[in-house]
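In: Sequence and predicted structure below; questions after.
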Amino acid sequence: MTESGKPILYSYFRSSCAWRVRSALALKGIDYETMPINLIKDGGQQFSAEFQALNPMKQVPVLKIDGITIGQSLAIIEYLDETRPTPRLLPQDPRKRASVRMISNLIASGIQPLQNLGVLKQVGQEKQLTWAQNVISVGFGALERILQSTAGEYCVGDEVTMADLCLVPQVANAERYKVDLTPYSTIRRINKSLLALEAFQVSHPCRQPDTPAELRA
Ligand SMILES: N[C@@H](CCC(=O)N[C@@H](CS)C(=O)NCC(=O)O)C(=O)O
């Protein structure tokens, strides 16, 4: 917390995982301060001793709230949902909740880590675009089929859930890596509906305190 009592989000404008948390905070109307961690500048501020003391995984997001420090975007979102339950991001119905967690983990464990900055550095400049396109396409192929049985207006039924917080930033990553989204009509439809919501607009990478001027919208 800051002296003002507001939670602090350690974030990078372009981080898809930080975007998940920013949209959760926006949906729940939680006022917070952003502490930008530039993942590129000076070799990456996530590697500083100060930041590693907060998150030994050297990744954003990290949220300081209620006297604790939480890393891992899904753990943060679940904590927010348990302590500030309105609107719910994990449905009350255990079957729907399982679907939300399945989709969230598909993206957060099965796609994003494979195309994360650290992995792409290891893959190397020459191969990283095809690598990222491949892992996203494989994951989206599976996700598209799952959504055909879980989706309503959004990923699971007609309420915005944690699964949607994971979907929107992952589609943005797909667009950034020029993945052909034509085969994924359900993913495209849901993403379009979500991007029309204010919570996804205010949390968008082009509107963050650390967004460079040339990328602002
Ligand atoms: N499982 C973590 C993943 C966090 C993650 O991958 N963060 C990326 C940005 S989206 C990062 O900080 N990368 C820094 C690096 O790879 O050096 C979460 O959900 O929060």
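Out: That came through, no problem.

In: May I have the phi/psi pair for Asp180?
Out: phi -70, psi 110 (degrees, to the nearest 10).

In: From the ligand, how far out is the nearest residue to it once chain neighbours are set aside?
Out: In space, Asp180 comes closest to Ser137 once its chain neighbours are excluded; the distance is 7.9 Å by CB to CB, 6 or more residues apart in numbering. (Each C-beta comes from the backbone N, C-alpha and C, glycine too.) Look at Ser137 and the ligand: by CB to the nearest ligand atom, to the nearest Å, they are 19 Å apart.

In: And Trp19, by the same measure?
Out: 8 Å.

In: same deal with Val202?
Out: For Val202, the distance to the ligand equals 19 Å [CB to the nearest ligand atom].

In: same check, this time on Arg88
Out: Taken as CB to the nearest ligand atom, the span from Arg88 to the ligand is 20 Å.

In: So which residues on this protein come close to the ligand?
Out: On the criterion CB under 6 Å from any ligand atom, the ligand has as its neighbours in the chain the residues 15-17, 39, 44, 46, 58-61, 72-74, 108, 116-118.

In: which of these are buried?
Out: Neighbour-count burial (16 or more other CB atoms under 10 Å) is assigned, among the residues of the chain next to the ligand, to 15-17, 39, 44, 46, 58-61, 72-74, 108, 116.

In: okay, among those, which ones form the most distant pair?
Out: For those, the farthest-apart pair by CB to CB is Gly44 and Leu74; their separation is 22.7 Å.

In: one step back: looking at the residues of the chain next to the ligand, which are in strands?
Out: Among the residues of the chain next to the ligand, DSSP state E puts none in strands.

In: quick revisit: and the residue nearest to Asp180, what element?
Out: Ser137 is part of helix 128-150, with elements assigned from DSSP states H and E.

In: helices or strands up against that helix?
Out: Judged by 3 or more CB pairs under 8 Å, 6 or more residues apart in numbering; DSSP states H and E, helix 128-150 is in contact with helix 94-110, helix 117-123, helix 162-176, helix 185-195.

In: let's see 6 Å
Out: Judged by 3 or more CB pairs under 6 Å, 6 or more residues apart in numbering; DSSP states H and E, helix 128-150 is in contact with helix 94-110, helix 185-195.
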